[in-house]
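Participant: Pasting the sequence and the predicted model now:
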Amino acid sequence: DAGITQSPRHKVTETGTPVTLRCHQTENHRYMYWYRQDPGHGLRLIHYSYGVKDTDKGEVSDGYSVSRSKTEDFLLTLESATSSQTSVYFCAISEQGAFSFNIETQYFGPGTRLLVL
Amino acid sequence: KQEVTQIPAALSVPEGENLVLNCSFTDSAIYNLQWFRQDPGKGLTSLLLIQSSQREQTSGRLNASLDKSSGRSTLYIAASQPGDSATYLCAVVTGNQFYFGTGTSLTVIP
């Protein structure tokens, strides 16, 4: 298994509270991604990073920010959590960019279950 | 916007049966299509990746086909086993976005 860990694995918070989720990799892959998974919607891309300090928005980026100060860590922040952000959040990594004709797959972390009350 | 649909949402089969999972997408301008497996409470594991120029890929008992013109892909699982029980997701890459289907939950009954 690719060396990807997510912390925390479970979190319960209240509306309006800031929340930061961490993704840590030991593979030295350049690309890192944050997804959310919700019933009826499948996985949707929130943000991704293509290098240290280089990030871009995904399909559902509103209400989320990210930061990547080191190759191995990619942080997802909910500045002011809302109930609509209750979800399972997955981090993924890839050595090369996955949005291209290159043959590339992503490796996923175990997920973080977030409940916003 | 690309939409990915997987039918059926759930499937239950006896052990040893061959089965087909379906994935359809609305925009044929894809870079590639991938099939993933997700076990309960776990992340996704990539099974097969088909580039847009390819028609199929095989790995062991799994065979995935791609028909871009009709916007369809199938995942064929031969001689199913209880260990194959999981949710199977397909995903396509269009532009700078991944689009996932909602998955087919497969149960293989011993």
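Facilitator: Received, thanks. Note that this is a predicted model, so its numbers are computed, not measured.

Participant: For A:Arg30, see how far away B:Gly103 is.
Facilitator: 28 Å (CB to CB, to the nearest Å). From N, CA and C alone the C-beta is placed, and that goes for glycine too.

Participant: With B:Ser105 instead?
Facilitator: 33 Å.

Participant: How much space separates A:Ser67 from chain B?
Facilitator: 20 Å (CB to the nearest CB, to the nearest Å).

Participant: again with A:Ile46
Facilitator: 11 Å.

Participant: thought that residue was touching A:Gln37?
Facilitator: No - contact criterion CB atoms under 8 Å: A:Ile46 and A:Gln37 do not qualify, at 10.8 Å.

Participant: on contacts alone, who are the packing partners of the helix or strand hosting B:Val108?
Facilitator: According to DSSP states H and E, B:Val108 maps onto strand B:104-109. The helices and strands touching strand B:104-109, judged by 3 or more CB pairs under 8 Å, 6 or more residues apart in numbering or on different chains; DSSP states H and E, are strand B:10-14, strand B:19-25, strand B:86-94.

Participant: Which elements pack onto the helix or strand hosting B:Gln34?
Facilitator: Using DSSP H and E, B:Gln34 sits within strand B:32-38. Other helices and strands packing on strand B:32-38, by 3+ CB pairs under 8 Å, 6+ apart, are strand B:19-25, strand B:44-51, strand B:62-67, strand B:72-77, strand B:86-94.

Participant: quick one: which of these is nearest A:Ile4?
Facilitator: strand B:44-51 (11.2 Å; CB to CB).

Participant: The helix or strand that the closest one is followed by: how far from the chain's middle?
Facilitator: Next along the chain after strand B:44-51, taking DSSP H and E as the criterion, comes strand B:56-59. Here the centre of strand B:56-59 is set off from its chain's centre by 12 Å, with CA atoms, centre = their mean, to the nearest Å.

Participant: do strand B:56-59 and chain A meet?
Facilitator: No - Strand B:56-59 lies out of reach of chain A by CB under 8 Å from any CB of the partner chain, never closer than 10.4 Å.

Participant: Okay, now the sheet partners of the strand holding B:Val108, with direction.
Facilitator: strand B:10-14 (parallel), strand B:86-94 (antiparallel) (DSSP bridges).
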